[in-house]
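Asker: Kindly generate the corresponding structure for this input.
(one chain, ligands or ions: 3)
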Amino acid sequence: MTSTESESSSVLLRGVRPYGEGEPVDLLVADGRIAALDTAVDAGRAEVVDATGLVALPGFVDLHTHLREPGREDAETIDTGSASAALGGYTAVFAMANTDPVADNAVLVEHVWRRGREVGLVDVHPVGAVTVGLAGERLAELGGMARSAARVRMFSDDGVCVDDPLLMRRALEYSSALGAVIAQHAEEPRLTVGAQAHEGERAALLGLAGWPAAAEESIVARDCLLAHRTGGRLHVCHVSTAGTVEVLRWAAGPLAALPSQAPGGRPGRVSAEVTPHHLLLTDERLTTYDPVNKVNPPLRTEADTLALRAALADGVIDCVATDHAPHAPQDKDCEWAAARPGMLGLETALSVVVETMVNTGLLDWRGVARVMSERPAELVGLPDHGRPIAVGEPASLVLIDPAAHWTVRGAESASLADNTPFEGMRLPARVVATMLRGRFTARDGKVLRWIDSC
Ligand SMILES: NC(=O)N[C@@H](CC(=O)O)C(=O)O
Ligand SMILES: [Zn+2]
Ligand SMILES: [Zn+2]
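Answerer: Ligands and ions are numbered 1, 2, ... in the order given. Prediction:
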């Protein structure tokens, strides 16, 4: 993007196409908000940026990111993870609680929140743990975290499942009172002891212990019932099987029609996310035994990827979440069984969504805005993200070159880690710039910190 310099902090984006629709317009940003949206807008003292041909969408919101700070700053920090998020088009991320120490108290979540603000590249919202130390034995102080300066609105033991039904039921009961969401890593631990790969033909051929689809589906079914009966707010993390899609369909239909026993008769609500890697990759990739493909839940079959895509398109799955899971080399560059599960996701998410959802005709750009920005913001009640591109709204935006292609190189990512399963793949569409409340946080592949823009 070329631009003319100016001493003013306002910016005029010339020739953008909001949601990729209609004729190009000029979008004027002033005081952090969209000040004009029209043809031939007078630049005045604004910096003029040539954005011809670029699609503008509301900045992306990731409900599932691992930033690793505190505890594993060798794999990622709030700073490097925020930079990766800005490059990927994100303006808000939810940082999972499985850090060391675990984010299970007000002091820790406030630390993560403050550090995110200091870095200032993306709004970092800490996720609080559901149980103390993720140990699954007693509930953490959810209320204390919700009332802290971090205003925690999502709780999760992600990495492990809250498998005790009584604890999960209590957490869901509290969630409605707190206006929060319980995000479940759905994995029945008794069914995945020693599991290494999706249970099926591929795992059998490779001699890897199988990870049954029912381990996920049985917990999702149980939790949908608990959410409905308690009036709680359940969010299902990283849906990976066609069977889970059917359970979610049942929860939204026949189950929702049953009377709830919740206080005031208010039924629970269930939402769900899918990761870019589960939309694109299958267990066919495991033949190399390269641990870059190891992830929890595991890569599944092509039929699963197709069911997930259809469910995202028709709204049974609400949104895309990256499950960005950076790992240090010693935890990934080792034999399959010893490697940690997880893969990078923030910088490749848009391109994978375009490849699997837009280029297949399942979603248009408005649909991309829905699943990557509007719906996730709505699920957790973020008031100033996922907003319409309209005059008066916050200028938290992503500009995309829809015609670009690029080749993924983990070493070039802003993340400290390089465990991307998309290494060497040529993918469509590229984030050209990200803007948070009127300030560029990433532009032409470079991260812009406060200091750069002052
Ligand atoms: N997805 C993964 O394989 N790993 C995540 C944990 C998780 O999301 O369950 C991690 O923290 O590394
Ligand atoms: Zn998980
Ligand atoms: Zn995760």
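Asker: How is this structure divided into domains?
Answerer: What automatic domain parsing lists as the domains of the chain is 3-56+393-453, 59-379.
Asker: Report whether the shortest one contacts ligand 1.
Answerer: No: using CB under 6 Å from any ligand atom, domain 3-56+393-453 stays clear of ligand 1, with a minimum separation of 9.7 Å. All C-beta spots, glycine's among them, are computed from the backbone N, C-alpha and C.
Asker: Run the chain-centre distance for that domain.
Answerer: Offset of domain 3-56+393-453 from its chain centre (CA atoms, centre = their mean, to the nearest Å): 20 Å.
Asker: and the residue of the stretch 101-250 of the chain found nearest ligand 1, how many neighbours does it have?
Answerer: In the stretch 101-250 of the chain, the residue found nearest to ligand 1 is residue 159; the distance is 4.0 Å by CB to the nearest ligand atom. As a burial measure, residue 159 scores 20 neighbours (other CB atoms under 10 Å).
Asker: Please report the distance of it from ligand 3.
Answerer: Distance of residue 159 to ligand 3, given as CB to the ion, to the nearest Å: 6 Å.
Asker: so who does that residue touch?
Answerer: 96, 98, 134, 185, 296 (CB atoms under 8 Å, 6 or more residues apart in numbering).
Asker: returning to that earlier point: right, so the domains of the chain: which one is the most enclosed?
Answerer: Among the domains of the chain, domain 59-379 has the highest mean neighbour count (mean count of other CB atoms under 10 Å), at a mean of 21.
Asker: Mind pulling the model confidence for residue 5?
Answerer: Note on residue 5: pLDDT of 49.
Asker: cool, and residue 454?
Answerer: 49.
Asker: What are the boundaries of the helices in the stretch 351-454 of the chain?
Answerer: Secondary structure of the stretch 351-454 of the chain, counting by DSSP state H, counting those that start in this stretch: helices at 365-369, 375-379, 450-453.
Asker: For ligand 2, what's its nearest residue on the stretch 301-450 of the chain.
Answerer: Nearest residue of the stretch 301-450 of the chain to ligand 2, counting by CB to the ion: residue 323, 6.5 Å away.
Asker: wait, isn't that residue in contact with residue 93?
Answerer: No: here residue 323 does not reach residue 93: they are 11.5 Å apart, not a contact under CB atoms under 8 Å.
Asker: Find the residues that touch each one of the two.
Answerer: Common neighbours of residue 323 and residue 93 (criterion: CB under 8 Å, 6+ apart): residue 65.
Asker: And the closest residue to residue 138 other than its chain neighbours, how far from ligand 2?
Answerer: Spatial nearest neighbour of residue 138, chain neighbours left out: residue 132 (5.5 Å); criterion: CB to CB, 6 or more residues apart in numbering. As for residue 132, its distance to ligand 2 is 19 Å (criterion: CB to the ion).
Asker: dump the residue contacts of residue 132.
Answerer: Taking CB under 8 Å, 6+ apart, one finds 102, 104, 138-140 in contact with residue 132.
Asker: closest to residue 202 among those?
Answerer: For the contacts of residue 132, the residue nearest residue 202 by CB to CB is residue 102; the value is 33.9 Å.
Asker: if I look at that closest one, how far off is residue 287?
Answerer: Shown here: residue 102 relative to residue 287, a distance of 36 Å by CB to CB, to the nearest Å.
Asker: Also residue 324?
Answerer: Per CB to CB, residue 324 is found 25 Å from residue 287.
Asker: before we move on, back to that, tell me the contacts of the residue of the stretch 301-450 of the chain closest to ligand 2?
Answerer: 64-66, 237-238, 275, 277, 295, 342-343, 345.
Asker: okay, those residues in TSV with pLDDT and distance to ligand 1 next?
Answerer: TSV is the format used below for those (pLDDT from 0 to 100; distance: CB to the nearest ligand atom, whole Å):
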residue	pLDDT	distance to ligand 1
64	99	7
65	98	10
66	98	5
237	99	7
238	98	6
275	99	8
277	99	9
295	98	4
342	98	3
343	98	7
345	98	9
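Asker: Going by distance to residue 201, which of those wins?
Answerer: Using CB to CB, the contacts of residue 323 come closest to residue 201 at residue 295, 19.0 Å.
Asker: That closest one is in what secondary structure piece?
Answerer: Assessed by DSSP states H and E, residue 295 sits outside every helix and strand.
Asker: cool, residue 225 as well?
Answerer: Per DSSP H and E: helix 213-230 holds residue 225.
Asker: For residue 240, which three-state class applies?
Answerer: Three-state assignment for residue 240 (DSSP: H, G, I helix; E, B strand; the rest coil): coil.
Asker: list the contacts for the nearest residue to it once chain neighbours are set aside?
Answerer: The shortest distance from residue 240 to any non-neighbouring residue, by CB to CB, 6+ apart, is to residue 297 (4.0 Å). Taking CB under 8 Å, 6+ apart, we find residue 297 in contact with 187, 211, 216, 238, 240-241, 278.
Asker: tell me the angle the strand or helix carrying residue 309 makes with helix 213-230.
Answerer: Residue 309 belongs to helix 302-314 when elements are defined using DSSP H and E. Computed by axes from the mean of the first three to the mean of the last three CA atoms, to 10 degrees, the angle separating helix 302-314 from helix 213-230 equals 30 degrees.
Asker: who does helix 302-314 touch, helix- and strand-wise?
Answerer: On a contact count with 3 or more CB pairs under 8 Å, 6 or more residues apart in numbering; DSSP states H and E, helix 302-314 meets helix 242-250, strand 269-274, helix 276-280.
Asker: Next, find the distance separating the closest residue to residue 70 other than its chain neighbours from ligand 2.
Answerer: Nearest residue to residue 70, sequence neighbours excluded (CB to CB, 6+ apart): residue 99, at 5.4 Å. From residue 99 over to ligand 2 the distance is 14 Å, taken as CB to the ion.
Asker: And residue 99, what's its pLDDT?
Answerer: Residue 99 is given a pLDDT of 98.
Asker: Need the phi and psi values for it.
Answerer: Main-chain dihedrals, residue 99, degrees, to the nearest 10: phi -100, psi -180.
Asker: Please identify the one among the contacts of residue 297 that lies nearest to residue 407.
Answerer: Of all the contacts of residue 297, residue 278 has the smallest distance to residue 407: 22.0 Å, by CB to CB.
Asker: Next to ligand 3, which bits of the stretch 251-400 of the chain? Give me the list.
Answerer: Taking CB under 5 Å from the ion, the part of the stretch 251-400 of the chain that reaches ligand 3 is made up of residue 323.
Asker: All set, thanks.
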